[in-house]
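Visitor: Sequence and computational prediction follow.
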Amino acid sequence: MFVPLSIISEFLFVEPFIIFHVIEDRVTSFVLIVFISLMSAIVIPMNIYRIRTLQKSTTKIGGSIAGSIIGASAGICSCGPIGFSIVSTFGTIAGTATAFLTNYEIPLRLASLLLLCLVYYTTVKSISIECKIQ
Amino acid sequence: MNKRLVVSVVFVVLVIVVAISFSSYQANLLEMHDKTKYLERIAAKTASPLVNLENGSPPLGSESAPVTIVEFGDYQCEACYHWFHNTRSTLIDNYIETGKAKLIFVDLPFLGRDSPIAAQASYCAEDQGKYWEYHTILYTFQDGPPDSGWADRDRLNSFAFSLDMNIDEFNECMDSSKYKKRVKANYDEAVKNGANSTPTFIIISQDGAIEKFAGAQPYPVFASMIESML
């Protein structure tokens, strides 16, 4: 998740050669990407395990996927190829939507991180109860 | 409730995927419709396409510089703003002022209704010999999301005023939409050259070799590309 997020947020460039570049005023955004990727990498497999092994409901994986998607979409640069395709297809209203994702990148990523932390907490709690040896 | 959430998330993802696929499909279809254009495009991918820069900005730097840097950009683009403030000045100091390269800006105004208007304003400034000053002021005062008003007509006028331009002449130029076609021609040229994001750069050497890449990339990328072409 870290690699695609870094590419869409323009921290990682693959052309003309692979280069990683974080400018000073976007450090916060980069740090949030690291945490979102880390939390997604922990929370999603935990919930997959919970569903497959314990045959439990899909309640929490919904939250973890939502958290990851919010975190990922918040970084979509409206100037990038995804933004260009959306604006070219749907016009200026889509432009405003992608601009919203870019401008509220930090609050959206914080919200996503909060959601992932909440899912992590409830999942850990639920696993420790469900896996308790009687 | 939770099922609804999962379904909504899947639906949003699907809409995004369909939108992107439809957009590229439509572009391919349009190209295929005009077979000659399509074949030209295929040929351009294998050979060096010649970028038509006649509608672009006046060159920044020496006309006879061996390397040409073409920037396809939008005045409302945040990534262009980052490139302008983090990479461009070092590039100017080391390659443009030394006569090794020249920079040409070609508009790719797609982010909102103020983008093409700002581009037209830059050419109205060119009429008064202040294209690059106006370009600089636009990227200096970029503030807020596209179409938030920072590049509306009143602000464009105030930028012209702060550059001591003749406001009557500037207004006349803007009211007549004199450069609307030029900006559209630049947009078409950018798309023709495969630019689908801003900023996109094409670096052209004296012998016609071309390197294209996108994004607000750091200075070492440009230095490396330019050095390999000198």
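Guide: Looks like it came in fine. Residues are numbered from 1 along each chain as shown, chains lettered A, B, ... in the order given.

Visitor: what helix or strand does residue B:196 sit in?
Guide: For residue B:196, there is no host helix or strand (DSSP states H and E).

Visitor: again with residue B:169
Guide: helix B:167-175.

Visitor: Restrict that helix to CA atoms and write it as PDB.
Guide: Only the C-alpha atoms of helix B:167-175 are listed here, as PDB (Å, rounded to 0.1, in the frame of the first residue of the first chain):
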ATOM      1  CA  ILE B 167      -4.700  48.100 -17.200                       C
ATOM      2  CA  ASP B 168      -6.900  49.400 -20.100                       C
ATOM      3  CA  GLU B 169      -4.800  47.500 -22.600                       C
ATOM      4  CA  PHE B 170      -4.900  44.400 -20.400                       C
ATOM      5  CA  ASN B 171      -8.700  44.600 -20.000                       C
ATOM      6  CA  GLU B 172      -9.200  45.100 -23.700                       C
ATOM      7  CA  CYS B 173      -7.100  42.000 -24.400                       C
ATOM      8  CA  MET B 174      -9.000  40.000 -21.800                       C
ATOM      9  CA  ASP B 175     -12.400  41.100 -22.900                       C
END
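
Visitor: List the contacts of residue 69.
Guide: The chain I'm using is chain A. B:9, B:12, B:13 (C-beta atoms under 8 Å, 6 or more residues apart in numbering or on different chains). In short, each C-beta sits where N, CA and C put it, glycine included.

Visitor: wrong one, I was asking about chain B
Guide: Counting by C-beta under 8 Å, 6+ apart, residue B:69 has contacts B:91, B:95, B:101, B:102, B:103, B:104, B:201, B:202, B:203, B:222, B:226.

Visitor: so residue B:103 touches residue B:61, yeah?
Guide: Yes: Residue B:103 is within contact range of residue B:61, at 6.1 Å (criterion: C-beta atoms under 8 Å).

Visitor: now stretch A:39-59, how far from the chain's geometric center?
Guide: 17 Å (C-alpha atoms, centre = their mean, to the nearest Å).

Visitor: Same check on stretch B:51-65?
Guide: For stretch B:51-65, the distance to the chain centre is 14 Å (C-alpha atoms, centre = their mean).

Visitor: list the buried ones in it?
Guide: Within stretch B:51-65, the residues scored as buried using 16 or more other C-beta atoms under 10 Å in any protein chain shown are B:51, B:53, B:55, B:56, B:57, B:59, B:60, B:61, B:65.

Visitor: Quick one, which of the residues you listed has the minimum pLDDT?
Guide: Among the buried residues of stretch B:51-65, residue B:51 carries the weakest pLDDT, at 82.

Visitor: Which strand or helix spans that residue?
Guide: Here residue B:51 is assigned to no helix or strand, by DSSP H and E.

Visitor: That one contacts residue B:72, doesn't it?
Guide: No: between residue B:51 and residue B:72 there is no contact under C-beta under 8 Å: 9.6 Å.

Visitor: Mutual contacts of those two, please.
Guide: Shared contacts of residue B:51 and residue B:72, defined by C-beta under 8 Å, 6+ apart, are found at B:193, B:202.

Visitor: before we move on, the earlier item: what lies in contact with the helix holding residue B:169?
Guide: B:117, B:120-121, B:123-125, B:127-128, B:153, B:156-157, B:160-161, B:179.
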